[in-house]
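Student: sequence first, predicted coordinates after that:
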Amino acid sequence: MKLITAMIQSHKLPDVKKALLDADVCKMTITNVLGCGQQKGFSETYRGVIHEVNLLKKVRLEIAVNEKYLDLAINAIIKGSRTGQIGDGKIFVTSLERCIRIRTGEEGSAAIG
């Protein structure tokens, strides 16, 4: 069992969701977040005052998958979010030690599937 955490540009979310659904991955948690990386933000002028905006709007996806769906989900996220420009995002994969479905009490891979 793995937990995929991906940070993507917010306007690419519909493309990523479609790619994930096409890969038969339909369970996900999505959160709006702020962050910065290589983009380092931008400057804008408002009434003659320069404002530095270094935290940009991003979307965080969290997807728990069994090993069978790991590469499918990663490839779908890449396919849906890649523009070739700085700021496309990052994908982190971590091991899930334990997973429990609250409704039934199932544990492990059965709780994810």
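Tutor: Yes, it's here.

Student: following the strand ranked longest in the chain, which helix or strand comes up?
Tutor: Looking only at the chain and at elements set by DSSP state E, the strand with the highest residue count is strand 56-65. For strand 56-65, the succeeding helix or strand toward the C-terminus, using DSSP states H and E, is helix 67-81.

Student: next, the buried residues of the longest strand of the chain.
Tutor: 56, 58-59, 61, 63-65 (16 or more other Cβ atoms under 10 Å). Where you see a C-beta, it was placed from the backbone N, CA and C, and this is true even at glycine.

Student: from those, pick the one nearest Gly105.
Tutor: Ala64 (16.8 Å; Cβ to Cβ).

Student: is the closest one in a bridge, and if so with what?
Tutor: Taking DSSP bridges as the rule, Ala64 bridges to Leu3.

Student: just the pLDDT for the residue of the chain most remote from its centre.
Tutor: In the chain, the greatest distance from the average C-alpha position (Cα atoms, centre = their mean) is reached by Gly48, at 36.6 Å. Gly48 carries a pLDDT value of 80.
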